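# kindly generate the corresponding structure for this input.
(chains A and B)
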Amino acid sequence: MSIPPAQGPGAESRRSIIEFRNITKRFGPVVAVDNVSLTIEEGEFFALLGPSGCGKTTLLRMLAGFELPTSGQILIDGIDITRAAPNRRPVNMVFQSYAVFPHLSVTGNIEYGLRMEGVRAAERRERAEAALAMVQLEGYGDRMPDQLSGGQRQRVALARAIVKRPRVLLLDEPLSALDAKLREELRFEMSALQDKLGITFVMVTHDQDEALALATRCAVMHKGSLMQVATPADLYEFPASRLVADFIGSVNLFEGRVVEDESDHAIIDLPEVGIRAWLDHGTGASETVQFWLAVRPEKVELHKRQNGEAPPVMEGTPAGYNVLKGTILDIAYLGSESVYDVRLEGGKRVRVIRPNLTRWDQEDFTWDEDVWLGWHAEGAHVLLQ
Amino acid sequence: MDQGVDWRRNKAGFLAVLTPPLGWLLLFFIVPMAVVWAYSFGTNEGIADIRISGTFANYARAIEPLYLGILAKSLAFAALATLVCLVVGFPVALAISFAPANLKTWLLIGVMLPFWTNLLIRTYALIALLRDEGIINNALGFAFGWAGFEPLRMMNTNFAVLVGLVYVHLPFMVLPLYAALDRLDRSLLEASLDLGAGHIRTIFAIVLPLAAPGIASGLLLTFIPVLGSYLAPDLLGGADSQMIANVIERQFKRANDWPFGAALAFMLMYLTFIGIALQSLARRKRERE
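Numbering: from 1, shown residues only, chains lettered A, B, ... in the order given. Have a look, this model is predicted:
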């Protein structure tokens, strides 16, 4: 075992608290986690994001001690805990099923971990009550779990974990079993709770909205490998690959090749749709490489095109404005916004999301209408893989 | 619902299917039981005739100290054997429920395997194991013969009866325990470990309380047949290890006192019913809480 670096609470920059070093986990012939190295910093709300079967849960379970890595090392506070028993790790977990003990009261559940530590009864009670207050369940201590709603059980599971004052709190799909309204409410509460506690949170989720809303940093996993580790905004605006771009939100992809590449702008030939598109930054890609121009649906604008109306020209867009001809095939009205499925002249389909700024009866785009599609040079991003 | 399938609309078809098994049960289960029950209120007249006189004399004799003593001893035997079954069966059931899925089936078949062999043959096999010149004594003699080993006397003792009872009835305990443990949500066990409990504490604080209904039905399912055991005390036990079933058998055969045998048999049955009733009362009370 190594000695943790001597850094007091006064250390100004964040320091790493969890380190995965070349972690691989095989279940028989299946490689669940493939040579993952990842550092999580103290105080982060870190999300492991990916479709089911991508290895994110296995990674979390190795951190909790329920699975042993086939190879590699896991360090917490610089101490190798790769093979430590689950009850000897400074981490606690909120399970996907909550795993609230059905034969113990709410207080019994929360005090369980303290009892195992040998904390005295008076202090146990005090800490359990503080934890209940923290998750806004004051007065529920004597209830049995089957008298609680799903959301309340989730709070009990949360209180039971934080009462142990772990170095790291692990959350396995914490909100997935709740209905949409409650989920949104609890998102804010979880953020607030993490701010208040200052504990490092590591969350596993397949729900990109949840990850974007809660996390300070996300790791996107696919088939056991890390695809990208970044802040939610960077993940959305600057995805590293088509895979990440497609998993986080939806995206319009145009095959392209660079025609002009300067440090402050680039011109990209999009043979599929027959235009050259402006981009507000250089790509650094060689002229022979084929890549993809990614444009998020909400960054595409719709303009009128009836009676051969001229293409729109945007004033004050120094880097350029890109326009395409299309026809609206379908409109999905979602209340706050509408999703337009637009067919370009070559047959390619583009997705456009437009906020419903006026009431639906005032909207002037309709089915089968010819339109101009446009996006700003600042709205697109180049994907090399 | 489809007319042809709904039994409420097709009573003739329903009766046609139900009559044979009901008739069988009535003729070969209810009727003999009723006959024996009637005998328990009868008196012997001559060698073969029994008159159903409505007397309670047989029951009065059944609660004489001699027979109550044997009944008490049977209860003690059954309780002890059931307890040993629980202590031995719980780890076995736990191990099976945690075994890999493909191994589980084989382990369960292993538990049930003795059922495929005749009880008499299995009991004789135990004799081969336990007698003075048996496998255990021969093996011990081979190992410790140099130290002047004397064969252990195991046959015809209460110990041999206990071994026989436990051996025969262990599957009755293991199977319901396994069913209860296998249903247990694994994340509860992980949560316990995660909160700082070791494996032993997790078993006592989480597994045992949650498996309590399974343990209760295992205890009942084991206790009832052990209480009525006949072969193990008869073949493995000595003069003082007779259980109530052996006494009943003697009444029907050697003593030729069917009314008294019937009364003893029904005493056992009443006790069993009371036991089951108490258990289901306890369960209903637990469910209401």
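
# how about the contacts made by residue A:303?
Contacts for residue A:303 were tallied using CB atoms under 8 Å, 6 or more residues apart in numbering or on different chains; they are A:311-312, A:323, A:371-374. C-beta: built from backbone N, CA, C; applies to glycine.

# swap that for residue B:93, please
Residue B:93 neighbours (CB under 8 Å, 6+ apart): B:173-174, B:177-178, B:181.

# same check, this time on residue A:86
By CB under 8 Å, 6+ apart, the contact list for residue A:86 reads A:64-66, B:190, B:193-194.

# and residue 45, bridged to which residues?
Just so you know, I chose chain A. When assigned by DSSP bridges, residue A:45 has beta-bridge partners residue A:201.

# my bad, chain B
Beta-bridge pairing for residue B:45 (DSSP bridges): residue B:49.

# ok, it - how many residues close by?
10 (other CB atoms under 10 Å in any protein chain shown).

# my read: it touches residue B:52, true?
No: using CB atoms under 8 Å, residue B:45 is not in contact with residue B:52, being 10.7 Å away.

# for residue B:127, give me its contacts.
B:134, B:155, B:235-236.

# what is the nearest of the contacts of residue B:93 to residue B:268?
Each of the contacts of residue B:93 was checked against residue B:268 using CB to CB; the closest is residue B:173, at 20.4 Å.

# hmm, back to that, residue A:191: which of the contacts of residue A:86 is nearest?
Comparing those against residue A:191 with CB to CB places residue A:64 closest, at 22.3 Å.

# now that closest one: how far from residue A:170?
6 Å (CB to CB, to the nearest Å).

# highest neighbour count among the contacts of residue A:86?
residue B:194 (27 neighbours).

# what sits closest to it if chain neighbours are left out?
In space, and not counting its chain neighbours, residue B:194 is closest to residue A:93: 5.0 Å by CB to CB, 6 or more residues apart in numbering or on different chains.

# residue ranges for the helices of the stretch 151-289 of chain B, please.
B:158-183, B:186-194, B:199-202, B:208-210, B:212-227, B:231-236, B:244-252, B:258-288 (DSSP state H, counting those that start in this stretch).

# pLDDT of the first one, averaged?
In this model, helix B:158-183 carries a mean pLDDT of 93.

# from the chain's centroid, how far away is that helix?
Offset of helix B:158-183 from its chain centre (CA atoms, centre = their mean, to the nearest Å): 9 Å.

# what angle do helix B:212-227 and that helix make with each other?
150 degrees (axes from the mean of the first three to the mean of the last three CA atoms, to 10 degrees).

# get me the contact residues on chain B for chain A.
Residues of chain B lying close to chain A by CB under 8 Å from any CB of the partner chain are B:185, B:187-188, B:190-198, B:201, B:205-206, B:209-210.

# repeat that for 6 Å
Contact residues, chain B versus chain A (CB under 6 Å from any CB of the partner chain): B:187-188, B:190-191, B:193-198, B:209.

# residue A:207 versus the closest residue to residue B:115 other than its chain neighbours, what's the distance?
Of all residues not flanking residue B:115 in the chain, residue B:171 sits nearest, at 6.6 Å (CB to CB, 6+ apart). When distance is defined by CB to CB, residue B:171 is 47 Å away from residue A:207.

# again with residue B:247
70 Å.

# surely residue B:264 is in contact with residue B:249?
No: in this structure residue B:264 lies outside contact range of residue B:249 using CB atoms under 6 Å: 9.9 Å.

# so which of the two has more stuff around it?
Taking other CB under 10 Å, residue B:264 and residue B:249 do not tie; residue B:264 has more neighbours (27 against 17).

# which residues touch that one?
B:62, B:248 (CB atoms under 6 Å, 6 or more residues apart in numbering or on different chains).

# please enumerate the strands of the stretch 151-300 of chain A.
A:168-172, A:200-205, A:217-222, A:225-230, A:252-261, A:266-270, A:275-279, A:291-295 (DSSP state E, counting those that start in this stretch).

# mean pLDDT added to these, as CSV?
Formatted as CSV, the strands of the stretch 151-300 of chain A follow (pLDDT from 0 to 100):
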stretch, mean pLDDT
strand A:168-172, 95
strand A:200-205, 95
strand A:217-222, 94
strand A:225-230, 94
strand A:252-261, 88
strand A:266-270, 87
strand A:275-279, 85
strand A:291-295, 90
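
# residue B:226: which of those is closest?
Closest approach to residue B:226 among the strands of the stretch 151-300 of chain A (CB to CB): strand A:168-172, 45.1 Å.

# and that closest one, what does it pack against?
helix A:56-64, strand A:91-94, strand A:200-205 (3 or more CB pairs under 6 Å, 6 or more residues apart in numbering or on different chains; DSSP states H and E).

# can you list the residues that contact it?
With contact meaning CB under 6 Å, 6+ apart, strand A:168-172 is reached by A:60, A:64, A:91, A:93-96, A:161, A:199-204.

# adding distance to residue A:250, write the residues you listed out as a markdown table.
Formatted as a markdown table, the contacts of strand A:168-172 follow (distance: CB to CB, whole Å):
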| residue | distance to residue A:250 |
| --- | --- |
| A:60 | 27 |
| A:64 | 33 |
| A:91 | 35 |
| A:93 | 32 |
| A:94 | 30 |
| A:95 | 31 |
| A:96 | 26 |
| A:161 | 35 |
| A:199 | 34 |
| A:200 | 31 |
| A:201 | 27 |
| A:202 | 27 |
| A:203 | 23 |
| A:204 | 23 |
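
# which one of those sits in the busiest neighbourhood?
Counting neighbours by other CB under 10 Å, residue A:93 comes out on top of the contacts of strand A:168-172 with 30 neighbours.

# check contacts around that one.
Taking CB under 6 Å, 6+ apart, we find residue A:93 in contact with A:64, A:170, B:194.

# look up how far chain B lies from the residue lying farthest from the centre of chain A.
Distance from the centre of chain A peaks at residue A:307, with 44.4 Å (CA atoms, centre = their mean). Applying CB to the nearest CB, to the nearest Å, the value for residue A:307 to chain B is 63 Å.

# regarding that residue, what is its secondary structure?
helix (DSSP: H, G, I helix; E, B strand; the rest coil).

# tell me the pLDDT of it.
pLDDT for residue A:307: 73.

# could you check how far it is from residue A:366?
15 Å.

# show me what contacts the residue nearest to residue B:36 when sequence neighbours are not counted?
Of all residues not flanking residue B:36 in the chain, residue B:262 sits nearest, at 4.8 Å (CB to CB, 6+ apart). By CB under 6 Å, 6+ apart, the contact list for residue B:262 reads B:36, B:39-40.
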